[in-house]
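Chemist: No sequence on hand, only this structure:
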(Lines give C-alpha, C1' and ligand atoms only; values in the text may rest on other atoms or scores of the structure.)
Protein backbone atom coordinates (compact mmCIF):
# COMPACT_ATOMS: atom_id res chain seq x y z
CA UNK A 1 0.00 0.00 0.00
CA UNK A 2 2.87 2.40 0.77
CA UNK A 3 4.42 1.65 -2.64
CA UNK A 4 1.07 2.39 -4.29
CA UNK A 5 0.89 5.73 -2.51
CA UNK A 6 4.39 6.63 -3.68
CA UNK A 7 3.53 5.78 -7.27
CA UNK A 8 0.00 7.04 -7.82
CA UNK A 9 -0.63 10.48 -9.31
CA UNK A 10 -3.35 12.39 -7.50
CA UNK A 11 -6.36 13.99 -9.12
CA UNK A 12 -7.46 17.06 -7.25
CA UNK A 13 -10.81 16.59 -5.50
CA UNK A 14 -10.79 19.65 -3.27
CA UNK A 15 -10.34 23.27 -4.34
CA UNK A 16 -6.87 23.88 -5.72
CA UNK A 17 -5.15 20.52 -5.49
CA UNK A 18 -6.16 19.66 -1.91
CA UNK A 19 -7.37 16.07 -1.54
CA UNK A 20 -9.53 16.03 1.61
CA UNK A 21 -10.94 12.63 0.64
CA UNK A 22 -8.96 10.27 2.88
CA UNK A 23 -11.63 7.96 4.32
CA UNK A 24 -14.90 6.48 3.04
CA UNK A 25 -16.83 7.29 6.22
CA UNK A 26 -15.64 10.89 6.21
CA UNK A 27 -16.50 11.29 2.55
CA UNK A 28 -19.96 9.87 3.04
CA UNK A 29 -20.57 12.73 5.50
CA UNK A 30 -19.37 15.39 3.07
CA UNK A 31 -15.98 15.52 4.83
CA UNK A 32 -17.65 17.08 7.90
CA UNK A 33 -16.02 14.85 10.53
CA UNK A 34 -13.47 16.87 12.53
CA UNK A 35 -15.64 16.59 15.68
CA UNK A 36 -17.16 13.14 15.15
CA UNK A 37 -14.52 10.97 13.43
CA UNK A 38 -14.47 7.62 15.27
CA UNK A 39 -12.03 5.50 13.28
CA UNK A 40 -8.25 5.50 12.66
CA UNK A 41 -8.48 8.17 9.95
CA UNK A 42 -8.60 10.63 12.89
CA UNK A 43 -4.81 10.64 12.38
CA UNK A 44 -5.56 12.89 9.40
CA UNK A 45 -8.85 14.60 10.30
CA UNK A 46 -8.31 15.27 14.02
CA UNK A 47 -5.74 13.33 16.12
CA UNK A 48 -7.29 14.53 19.39
CA UNK A 49 -10.24 12.20 18.68
CA UNK A 50 -8.04 9.10 19.00
CA UNK A 51 -8.24 8.76 22.84
CA UNK A 52 -11.99 8.13 22.50
CA UNK A 53 -11.22 5.02 20.40
CA UNK A 54 -10.02 2.25 22.71
CA UNK A 55 -7.53 -0.50 21.83
CA UNK A 56 -5.89 -1.21 18.50
CA UNK A 57 -7.38 -0.30 15.15
CA UNK A 58 -6.38 -0.08 11.53
CA UNK A 59 -7.96 0.87 8.23
CA UNK A 60 -7.10 0.73 4.55
CA UNK A 61 -9.04 2.60 1.92
CA UNK A 62 -9.15 3.64 -1.68
CA UNK A 63 -10.69 6.61 -3.46
CA UNK A 64 -11.44 6.11 -7.16
CA UNK A 65 -11.60 9.41 -9.07
CA UNK A 66 -13.23 9.51 -12.52
CA UNK A 67 -12.89 13.06 -13.88
CA UNK A 68 -14.12 14.72 -17.07
CA UNK A 69 -12.54 18.02 -18.16
CA UNK A 70 -12.97 20.02 -21.35
CA UNK A 71 -12.03 23.39 -22.84
CA UNK A 72 -14.36 25.35 -25.13
CA UNK A 73 -12.64 27.89 -27.39
CA UNK A 74 -14.42 31.28 -27.37
CA UNK A 75 -13.56 32.00 -31.01
CA UNK A 76 -14.39 28.69 -32.69
CA UNK A 77 -16.70 27.04 -30.15
CA UNK A 78 -14.63 23.87 -30.50
CA UNK A 79 -14.36 21.62 -27.44
CA UNK A 80 -11.15 19.84 -26.47
CA UNK A 81 -11.32 17.11 -23.83
CA UNK A 82 -8.51 16.34 -21.42
CA UNK A 83 -7.40 12.73 -21.33
CA UNK A 84 -9.83 10.76 -19.18
CA UNK A 85 -7.95 8.66 -16.64
CA UNK A 86 -9.24 6.83 -13.58
CA UNK A 87 -7.10 7.63 -10.53
CA UNK A 88 -6.71 5.61 -7.33
CA UNK A 89 -5.82 7.31 -4.04
CA UNK A 90 -5.11 4.69 -1.36
CA UNK A 91 -4.60 5.47 2.33
CA UNK A 92 -3.53 3.54 5.43
CA UNK A 93 -4.15 4.42 9.09
CA UNK A 94 -3.34 2.68 12.39
CA UNK A 95 -3.90 3.67 16.02
CA UNK A 96 -3.48 2.28 19.53
CA UNK A 97 -5.06 3.67 22.71
CA UNK A 98 -4.29 2.64 26.27
CA UNK A 99 -6.35 4.44 28.88
CA UNK A 100 -6.08 8.15 27.94
CA UNK A 101 -2.98 8.00 25.73
CA UNK A 102 -3.10 7.27 21.99
CA UNK A 103 -0.57 6.74 19.25
CA UNK A 104 -1.32 6.65 15.55
CA UNK A 105 0.25 6.75 12.11
CA UNK A 106 -1.07 7.40 8.63
CA UNK A 107 0.24 7.18 5.08
CA UNK A 108 -1.82 9.23 2.65
CA UNK A 109 -1.78 11.85 -0.13
CA UNK A 110 -3.59 15.09 0.80
CA UNK A 111 -2.28 17.12 -2.15
CA UNK A 112 -2.19 16.02 -5.77
CA UNK A 113 -2.98 16.93 -9.34
CA UNK A 114 -2.81 15.30 -12.76
CA UNK A 115 -4.03 16.96 -15.96
CA UNK A 116 -3.19 15.81 -19.51
CA UNK A 117 -4.28 17.51 -22.75
CA UNK A 118 -3.84 16.38 -26.39
CA UNK A 119 -0.42 17.19 -27.85
CA UNK A 120 -1.91 19.30 -30.65
CA UNK A 121 -4.59 21.23 -28.74
CA UNK A 122 -4.88 25.03 -28.90
CA UNK A 123 -3.40 25.55 -25.43
CA UNK A 124 -0.36 23.31 -25.95
CA UNK A 125 2.10 26.19 -25.54
CA UNK A 126 0.82 26.72 -21.98
CA UNK A 127 0.55 23.06 -20.91
CA UNK A 128 0.06 19.56 -22.24
CA UNK A 129 0.70 17.77 -18.94
CA UNK A 130 0.91 18.78 -15.28
CA UNK A 131 1.30 16.54 -12.28
CA UNK A 132 2.14 16.96 -8.62
CA UNK A 133 2.30 13.98 -6.27
CA UNK A 134 2.71 13.99 -2.50
CA UNK A 135 2.97 11.22 0.06
CA UNK A 136 2.70 12.02 3.78
CA UNK A 137 3.94 9.71 6.54
CA UNK A 138 2.26 11.13 9.65
CA UNK A 139 2.80 9.72 13.18
CA UNK A 140 0.69 11.34 15.91
CA UNK A 141 0.23 11.23 19.69
CA UNK A 142 -2.88 12.33 21.62
CA UNK A 143 -3.90 12.58 25.26
CA UNK A 144 -7.29 12.95 26.95
CA UNK A 145 -6.87 15.15 30.04
CA UNK A 146 -10.41 14.61 31.36
CA UNK A 147 -13.95 13.98 30.13
CA UNK A 148 -14.02 17.36 28.41
CA UNK A 149 -10.64 18.00 26.77
CA UNK A 150 -8.18 16.13 24.57
CA UNK A 151 -5.22 17.28 22.49
CA UNK A 152 -3.31 15.69 19.63
CA UNK A 153 -0.05 16.49 17.86
CA UNK A 154 1.72 14.94 14.88
CA UNK A 155 4.64 15.44 12.54
CA UNK A 156 4.81 14.59 8.84
CA UNK A 157 7.54 13.58 6.45
CA UNK A 158 6.52 14.50 2.91
CA UNK A 159 7.89 13.12 -0.33
CA UNK A 160 6.79 14.89 -3.50
CA UNK A 161 7.40 15.14 -7.23
CA UNK A 162 6.32 17.52 -9.99
CA UNK A 163 6.22 17.08 -13.75
CA UNK A 164 5.27 19.75 -16.31
CA UNK A 165 5.21 19.55 -20.10
CA UNK A 166 4.35 22.04 -22.83
CA UNK A 167 4.99 22.65 -26.52
CA UNK A 168 7.37 25.35 -27.80
CA UNK A 169 6.08 27.57 -30.60
CA UNK A 170 8.52 27.57 -33.54
CA UNK A 171 6.03 28.45 -36.29
CA UNK A 172 7.68 31.82 -36.93
CA UNK A 173 10.85 29.91 -37.90
CA UNK A 174 8.91 27.59 -40.19
CA UNK A 175 9.53 24.62 -37.90
CA UNK A 176 7.31 22.14 -36.13
CA UNK A 177 6.75 22.47 -32.38
CA UNK A 178 9.47 21.78 -29.89
CA UNK A 179 8.70 20.17 -26.55
CA UNK A 180 9.73 21.13 -23.00
CA UNK A 181 9.67 18.90 -19.95
CA UNK A 182 10.45 19.79 -16.33
CA UNK A 183 10.59 17.08 -13.68
CA UNK A 184 11.79 17.27 -10.09
CA UNK A 185 11.62 15.54 -6.73
CA UNK A 186 11.62 17.03 -3.25
CA UNK A 187 10.88 16.40 0.40
CA UNK A 188 9.78 18.40 3.40
CA UNK A 189 8.40 18.27 6.92
CA UNK A 190 5.35 19.68 8.63
CA UNK A 191 3.09 19.17 11.63
CA UNK A 192 -0.58 18.84 12.52
CA UNK A 193 -2.48 19.43 15.74
CA UNK A 194 -6.00 19.01 17.05
CA UNK A 195 -8.13 19.94 20.05
CA UNK A 196 -11.45 18.37 21.03
CA UNK A 197 -13.80 19.86 23.63
CA UNK A 198 -16.83 17.93 24.90
CA UNK A 199 -19.75 20.15 25.89
CA UNK A 200 -23.07 19.37 27.60
CA UNK A 201 -26.03 18.03 25.59
CA UNK A 202 -23.80 15.70 23.50
CA UNK A 203 -22.17 18.59 21.65
CA UNK A 204 -18.51 18.39 20.55
CA UNK A 205 -16.39 21.16 19.08
CA UNK A 206 -12.93 20.80 17.62
CA UNK A 207 -10.09 22.77 16.10
CA UNK A 208 -7.44 21.26 13.84
CA UNK A 209 -4.46 22.70 12.00
CA UNK A 210 -2.11 21.25 9.39
CA UNK A 211 0.95 23.40 8.72
CA UNK A 212 2.23 24.77 5.43
CA UNK A 213 5.15 22.82 3.95
CA UNK A 214 7.79 24.44 1.73
CA UNK A 215 9.35 21.93 -0.67
CA UNK A 216 12.35 22.50 -2.94
CA UNK A 217 12.28 20.33 -6.05
CA UNK A 218 15.48 19.35 -7.82
CA UNK A 219 15.47 17.64 -11.18
CA UNK A 220 15.99 18.16 -14.89
CA UNK A 221 14.64 20.41 -17.63
CA UNK A 222 14.68 18.97 -21.15
CA UNK A 223 14.16 20.74 -24.49
CA UNK A 224 13.41 18.46 -27.44
CA UNK A 225 13.82 20.58 -30.57
CA UNK A 226 13.28 19.76 -34.27
CA UNK A 227 16.29 19.90 -36.68
CA UNK A 228 18.31 21.96 -37.31
CA UNK A 229 17.92 23.18 -33.72
CA UNK A 230 19.75 21.27 -31.01
CA UNK A 231 18.00 19.56 -28.12
CA UNK A 232 19.36 20.07 -24.62
CA UNK A 233 18.96 19.08 -20.98
CA UNK A 234 20.03 20.79 -17.79
CA UNK A 235 19.63 20.51 -14.03
CA UNK A 236 16.77 22.65 -12.72
CA UNK A 237 15.05 23.45 -9.44
CA UNK A 238 12.01 25.25 -8.05
CA UNK A 239 10.24 25.73 -4.73
CA UNK A 240 6.53 25.28 -3.99
CA UNK A 241 4.84 25.69 -0.60
CA UNK A 242 1.93 23.40 0.20
CA UNK A 243 -0.75 25.43 2.04
CA UNK A 244 -1.83 25.28 5.67
CA UNK A 245 -5.29 23.91 6.49
CA UNK A 246 -7.32 25.02 9.53
CA UNK A 247 -10.67 23.40 10.42
CA UNK A 248 -13.35 24.23 12.99
CA UNK A 249 -16.06 21.62 13.53
CA UNK A 250 -19.15 21.23 15.69
CA UNK A 251 -21.07 17.96 16.07
CA UNK A 252 -24.29 17.03 17.84
CA UNK A 253 -25.31 13.50 18.78
CA UNK A 254 -29.02 12.71 19.05
CA UNK A 255 -29.22 9.02 19.82
CA UNK A 256 -28.44 7.11 16.63
CA UNK A 257 -28.12 10.32 14.61
CA UNK A 258 -24.94 12.42 14.38
CA UNK A 259 -24.96 15.85 12.73
CA UNK A 260 -21.86 17.93 11.98
CA UNK A 261 -20.88 21.17 10.31
CA UNK A 262 -17.27 22.20 9.58
CA UNK A 263 -15.54 25.31 8.26
CA UNK A 264 -12.26 24.72 6.43
CA UNK A 265 -9.80 27.51 5.72
CA UNK A 266 -6.95 26.77 3.31
CA UNK A 267 -3.90 29.04 3.01
CA UNK A 268 -3.48 28.98 -0.76
CA UNK A 269 -1.78 32.40 -0.70
CA UNK A 270 1.41 30.36 -0.16
CA UNK A 271 1.26 29.80 -3.92
CA UNK A 272 1.93 33.35 -5.09
CA UNK A 273 4.15 31.94 -7.80
CA UNK A 274 7.20 29.83 -8.37
CA UNK A 275 10.56 30.43 -10.03
CA UNK A 276 12.40 27.80 -12.06
CA UNK A 277 16.19 28.12 -12.22
CA UNK A 278 18.49 25.98 -14.36
CA UNK A 279 22.25 25.47 -14.67
CA UNK A 280 22.47 26.71 -18.26
CA UNK A 281 19.62 29.26 -17.82
CA UNK A 282 17.59 27.89 -20.75
CA UNK A 283 14.70 26.91 -18.45
CA UNK A 284 14.77 29.98 -16.19
CA UNK A 285 11.28 31.43 -15.71
CA UNK A 286 8.87 32.84 -13.16
CA UNK A 287 5.26 31.64 -13.10
CA UNK A 288 2.83 34.00 -11.37
CA UNK A 289 -0.20 32.40 -9.66
CA UNK A 290 -1.48 34.86 -7.01
CA UNK A 291 -3.77 32.27 -5.41
CA UNK A 292 -5.83 33.42 -2.41
CA UNK A 293 -6.80 31.93 0.94
CA UNK A 294 -10.31 30.47 0.80
CA UNK A 295 -12.96 29.06 3.18
CA UNK A 296 -15.08 25.99 2.49
CA UNK A 297 -18.17 24.70 4.29
CA UNK A 298 -18.99 21.03 4.93
CA UNK A 299 -22.23 19.56 6.34
CA UNK A 300 -22.96 15.93 7.07
CA UNK A 301 -25.03 13.36 8.96
CA UNK A 302 -24.62 9.74 9.99
CA UNK A 303 -27.51 7.54 11.12
CA UNK A 304 -26.94 4.19 12.81
CA UNK A 305 -29.95 2.31 11.48
CA UNK A 306 -29.12 -0.87 13.34
CA UNK A 307 -26.11 -2.19 15.25
CA UNK A 308 -24.63 -3.41 11.97
CA UNK A 309 -25.84 -0.89 9.38
CA UNK A 310 -25.34 2.88 8.92
CA UNK A 311 -26.34 5.44 6.30
CA UNK A 312 -24.88 8.90 5.80
CA UNK A 313 -24.87 11.90 3.49
CA UNK A 314 -23.28 15.31 3.12
CA UNK A 315 -22.60 18.46 1.17
CA UNK A 316 -19.53 20.67 0.72
CA UNK A 317 -19.22 24.12 -0.81
CA UNK A 318 -15.61 24.25 -1.96
CA UNK A 319 -14.41 27.65 -3.14
CA UNK A 320 -11.64 27.89 -5.74
CA UNK A 321 -8.47 29.85 -4.83
CA UNK A 322 -7.48 30.47 -8.47
CA UNK A 323 -8.02 34.06 -9.72
CA UNK A 324 -9.32 34.65 -13.24
CA UNK A 325 -6.07 36.29 -14.39
CA UNK A 326 -3.94 33.18 -13.77
CA UNK A 327 -6.46 30.48 -14.67
CA UNK A 328 -4.65 28.03 -16.92
CA UNK A 329 -4.90 24.53 -18.37
CA UNK A 330 -2.54 22.94 -15.85
CA UNK A 331 -5.27 23.42 -13.21
CA UNK A 332 -8.55 24.69 -14.71
CA UNK A 333 -10.07 25.01 -11.27
CA UNK A 334 -13.49 26.37 -10.29
CA UNK A 335 -15.72 26.54 -7.23
CA UNK A 336 -17.40 23.21 -6.53
CA UNK A 337 -20.67 21.96 -5.10
CA UNK A 338 -20.09 18.47 -3.73
CA UNK A 339 -22.81 15.97 -2.80
CA UNK A 340 -22.03 12.68 -1.05
CA UNK A 341 -23.79 9.48 0.05
CA UNK A 342 -22.44 6.55 2.02
CA UNK A 343 -23.18 3.45 4.00
CA UNK A 344 -21.45 1.07 6.41
CA UNK A 345 -21.91 -2.58 7.20
CA UNK A 346 -20.33 -4.30 10.18
CA UNK A 347 -20.01 -4.23 13.94
CA UNK A 348 -17.55 -2.95 16.52
CA UNK A 349 -14.61 -5.08 15.32
CA UNK A 350 -14.85 -5.07 11.54
CA UNK A 351 -16.61 -2.60 9.29
CA UNK A 352 -16.83 -1.91 5.55
CA UNK A 353 -17.58 1.67 4.49
CA UNK A 354 -18.71 2.58 0.97
CA UNK A 355 -19.49 5.94 -0.56
CA UNK A 356 -20.11 8.02 -3.67
CA UNK A 357 -19.43 11.68 -4.45
CA UNK A 358 -20.70 13.84 -7.31
CA UNK A 359 -18.59 16.96 -7.83
CA UNK A 360 -20.21 19.78 -9.81
CA UNK A 361 -17.82 22.53 -10.97
CA UNK A 362 -18.86 26.03 -11.91
CA UNK A 363 -17.76 27.07 -15.40
CA UNK A 364 -14.25 28.59 -15.35
CA UNK A 365 -13.85 31.55 -17.72
CA UNK A 366 -10.30 32.18 -18.94
CA UNK A 367 -11.01 35.22 -21.14
CA UNK A 368 -9.15 37.46 -18.67
CA UNK A 369 -6.29 35.04 -18.10
CA UNK A 370 -2.69 36.01 -18.87
CA UNK A 371 -1.79 32.34 -19.45
CA UNK A 372 -3.20 29.72 -21.77
CA UNK A 373 -6.00 29.98 -24.34
CA UNK A 374 -9.15 32.12 -24.04
CA UNK A 375 -12.33 30.21 -23.45
CA UNK A 376 -14.27 28.23 -20.86
CA UNK A 377 -13.22 25.17 -18.86
CA UNK A 378 -15.81 22.65 -17.70
CA UNK A 379 -15.34 19.88 -15.15
CA UNK A 380 -17.24 17.10 -13.44
CA UNK A 381 -15.98 14.23 -11.31
CA UNK A 382 -17.37 10.97 -9.94
CA UNK A 383 -15.65 9.64 -6.81
CA UNK A 384 -16.17 6.17 -5.37
CA UNK A 385 -14.90 5.27 -1.88
CA UNK A 386 -14.23 2.06 -0.01
CA UNK A 387 -12.48 1.43 3.29
CA UNK A 388 -12.05 -1.51 5.63
CA UNK A 389 -11.62 -0.95 9.36
CA UNK A 390 -10.61 -3.41 12.07
CA UNK A 391 -10.71 -2.70 15.83
CA UNK A 392 -10.03 -4.86 18.84
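Modeler: Nice, thanks for sending it over. Only a predicted model underlies this, so the values are computations on that prediction, with no experimental measurement involved.

Chemist: What about residue 29, how many residues nearby?
Modeler: 30 (other CB atoms under 10 Å). C-beta: built from backbone N, CA, C; applies to glycine.

Chemist: And residue 167, by the same measure?
Modeler: A count of neighbours around residue 167, defined by other CB under 10 Å, yields 19.

Chemist: Give me the buried positions along the strand or helix carrying it.
Modeler: Element membership of residue 167 [criterion: DSSP states H and E] is strand 149-168. The neighbour-count check on strand 149-168 (16 or more other CB atoms under 10 Å) flags 150-154, 156, 158-168 as buried.

Chemist: per-residue confidence at residue 391?
Modeler: Note for residue 391: predicted pLDDT of 90.

Chemist: and the residue lying closest to it once chain neighbours are set aside, how many neighbours?
Modeler: Once flanking residues are discounted, residue 391 sits nearest to residue 57: 4.1 Å by CB to CB, 6 or more residues apart in numbering. Neighbours of residue 57 under the rule other CB under 10 Å: 22.

Chemist: next structured bit after whichever strand or helix holds residue 57?
Modeler: Element membership for residue 57, per DSSP H and E: strand 55-73. For strand 55-73, the succeeding helix or strand toward the C-terminus, using DSSP H and E, is strand 79-81.

Chemist: residues in contact with that next one?
Modeler: With CB atoms under 8 Å, 6 or more residues apart in numbering as the test, strand 79-81 has contacts from 68-73, 117-118, 121-123.

Chemist: show me where the stretch 251-392 of the chain has strands.
Modeler: Taking DSSP state E, counting those that start in this stretch, the strands of the stretch 251-392 of the chain run over residues 257-266, 273-278, 285-288, 294-306, 309-318, 336-346, 350-361, 364-365, 375-391.

Chemist: Dump those strands to JSON lines, plus mean neighbour count and distance to residue 223.
Modeler: As requested, these are exported to JSON lines (neighbours: other CB atoms under 10 Å; distance: least, CB to CB, whole Å):
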{"stretch": "strand 257-266", "mean neighbour count": "20", "distance to residue 223": "35"}
{"stretch": "strand 273-278", "mean neighbour count": "15", "distance to residue 223": "10"}
{"stretch": "strand 285-288", "mean neighbour count": "13", "distance to residue 223": "13"}
{"stretch": "strand 294-306", "mean neighbour count": "18", "distance to residue 223": "36"}
{"stretch": "strand 309-318", "mean neighbour count": "20", "distance to residue 223": "37"}
{"stretch": "strand 336-346", "mean neighbour count": "19", "distance to residue 223": "36"}
{"stretch": "strand 350-361", "mean neighbour count": "19", "distance to residue 223": "34"}
{"stretch": "strand 364-365", "mean neighbour count": "18", "distance to residue 223": "30"}
{"stretch": "strand 375-391", "mean neighbour count": "20", "distance to residue 223": "28"}
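
Chemist: Longest strand in this structure, please.
Modeler: Across the chain, the longest stretch assigned as strand under DSSP state E is strand 178-199.

Chemist: and whichever helix or strand comes after that one, what does it pack onto?
Modeler: Going down the chain from strand 178-199, the next helix or strand is strand 203-210, by DSSP H and E. Packed against strand 203-210 by the contact rule (3 or more CB pairs under 8 Å, 6 or more residues apart in numbering; DSSP states H and E) you find strand 178-199, strand 245-254.

Chemist: and of these, who's closest to residue 335?
Modeler: Between residue 335 and the helices and strands packed on strand 203-210, the shortest gap by CB to CB is with strand 245-254, which sits at 17.6 Å.

Chemist: what inclination does that closest one have with respect to strand 294-306?
Modeler: Put simply, strand 245-254 runs at 30 degrees to strand 294-306, going by axes from the mean of the first three to the mean of the last three CA atoms, to 10 degrees.

Chemist: In its sheet, which strands sit next to strand 245-254, and in what direction?
Modeler: Sheet pairing for strand 245-254, assigned by DSSP bridges, gives strand 203-210 (antiparallel), strand 257-266 (antiparallel).

Chemist: Tabulate those in CSV, adding columns for mean pLDDT and distance to residue 47.
Modeler: CSV is the format used below for those (pLDDT from 0 to 100; distance: least, CB to CB, whole Å):
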stretch, mean pLDDT, distance to residue 47
strand 203-210, 98, 8
strand 257-266, 97, 16
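
Chemist: can you put these in JSON lines and add distance to residue 181?
Modeler: Converted to JSON lines, those look like this (distance: least, CB to CB, whole Å):
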{"stretch": "strand 203-210", "distance to residue 181": "31"}
{"stretch": "strand 257-266", "distance to residue 181": "29"}
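
Chemist: can I assume residue 221 sits in a helix?
Modeler: No. Read with DSSP: H, G, I helix; E, B strand; the rest coil, residue 221 is strand and lies in no helix.

Chemist: Now do the same contact list for it.
Modeler: For residue 221, the contact set (CB under 8 Å, 6+ apart) comprises 180-182, 233-236, 276, 278, 282-283.

Chemist: any chance of the helices and strands packed on strand 203-210 in a markdown table, with mean pLDDT and mean neighbour count too?
Modeler: Below are the helices and strands packed on strand 203-210 laid out as a markdown table (pLDDT from 0 to 100; neighbours: other CB atoms under 10 Å):
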| stretch | mean pLDDT | mean neighbour count |
| --- | --- | --- |
| strand 178-199 | 96 | 19 |
| strand 245-254 | 97 | 19 |
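
Chemist: who wins for proximity to residue 52 among these?
Modeler: Among those, strand 178-199 comes nearest to residue 52, with 7.9 Å by CB to CB.
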